[in-house]
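A.B. asks: Predicted model and sequence below, questions to follow.
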Amino acid sequence: MAGVVSAADKTMIELFSGLSSQQFAKLVRQLRREGADPAPKGRPWKLSFENRVLLLTAYWRTNLTMRQLAALFGTSKSAADRIIDDLAPKLALRPRQRYAPETVLIVDGTLVPTRDHTVAAKSKNYRYSTNHQVVIHADTQLVVVVGEPLPGNRNDSVAFAASGVDHATRTATVVADGGYRGTRAVIPHRRRAKDEPLVGWKEMHNASHRKVRARIEHTFAKMKVWKVLRDCRLRGHGTAEAMAGIARLHNLTLEG
């Protein structure tokens, strides 16, 4: 069965992956350099490497079912499933290990509704979700770290350390919102009492803090254009792989 979507068509690339044809070609080159397309030992893939990468990015972008993807790409449902299992870990963002002391990063958590209740919990959005800690560079707004997912009922102050983000950013200054009390993150000044106003310089600091921290909210809005993060049907490590892979795609769109 012939597919109707192909990486040979630039229009299809932009429509189904959210990347320009140049960005998609750059991604394919990077993956090949990283060894993501080794010589097959057994039965070869029916789809070319470019079409397999497009299938995965299309899945994250559209959140179509496996049957729908298989029909679009002219392959079987089981083959589409195997392609996603094979390529998703290879697209994952590779975090840096160390940062210059003057580096400023921004951290926040976002909830991803997840069908797999073994890795999720009911959270403040009243759905079974996973809590993902994401760190961006304050200047470039590139995602630099994605933490291990935790059940959605975990507070950000707990998830900061439990997800591995605290350790991964230990050499940099980290800015966060008030939910990170008790961590080493820089958070806004708090009132001692509900009706007690802050002194002027603290209000100025908080205003500057809000302006900087808003950048990560913009990042979440852009990342959730990939619709799998709005209702993830993947099981096990699938949610973590999708978040890490989409972080890499997000960076690619920013870098041009």
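C.D. replies: Structure received.
A.B. asks: Without its sequence neighbours, what residue ends up closest to residue 153?
C.D. replies: residue 121 (4.3 Å; C-beta to C-beta, 6 or more residues apart in numbering). Every C-beta, even on glycine, is put in place using the N, C-alpha and C of the backbone.
A.B. asks: Tell me if I'm right that that neighbour and residue 151 touch.
C.D. replies: Yes - counting by C-beta atoms under 8 Å, residue 121 does reach residue 151; the two are 3.5 Å apart.
A.B. asks: For residue 113, see how far away the residue nearest to residue 153 is.
C.D. replies: According to C-beta to C-beta, to the nearest Å, residue 121 and residue 113 sit 12 Å apart.
A.B. asks: Out of these two, name the residue with the larger neighbour count.
C.D. replies: A count of neighbours by other C-beta atoms under 10 Å puts residue 113 above the other of residue 121 and residue 113, at 19 against 16.
A.B. asks: Run through the residues that contact the nearest residue to that one once chain neighbours are set aside.
C.D. replies: The shortest distance from residue 113 to any non-neighbouring residue, by C-beta to C-beta, 6+ apart, is to residue 127 (4.6 Å). Taking C-beta atoms under 8 Å, 6 or more residues apart in numbering, we find residue 127 in contact with 111, 113, 152.
A.B. asks: any common contacting residues for residue 121 and residue 113?
C.D. replies: Each of 128-129 lies in contact with both residue 121 and residue 113 under the rule C-beta under 8 Å, 6+ apart.
A.B. asks: so residue 164 touches residue 146, yeah?
C.D. replies: No - the criterion here is C-beta under 8 Å, and residue 164 misses it with residue 146 at 9.5 Å.
A.B. asks: picking up where we left off before, okay if I get the contacts of residue 127 as JSON lines plus distance to residue 159?
C.D. replies: Listed next are the contacts of residue 127 as JSON lines, based on distance: C-beta to C-beta, whole Å:
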{"residue": "111", "distance to residue 159": "11"}
{"residue": "113", "distance to residue 159": "17"}
{"residue": "152", "distance to residue 159": "10"}
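A.B. asks: Okay, and which of these map to helices?
C.D. replies: Within these, no residue falls in helices by DSSP state H.
A.B. asks: among those residues, which are in strands?
C.D. replies: Taking DSSP state E as the definition of strands, the contacts of residue 127 contribute 111, 113.
A.B. asks: Tell me the one of the contacts of residue 127 nearest residue 42?
C.D. replies: Lowest distance from residue 42 to these (C-beta to C-beta) belongs to residue 113, with 36.6 Å.
A.B. asks: what sits against that closest one?
C.D. replies: Counting by C-beta under 8 Å, 6+ apart, residue 113 has contacts 125, 127-129, 230-232.
A.B. asks: Equivalent analysis for residue 175, please.
C.D. replies: Applying C-beta under 8 Å, 6+ apart, the residues contacting residue 175 are 104-107, 138, 185-186, 209, 212-213.
A.B. asks: Perfect, I'm done here.
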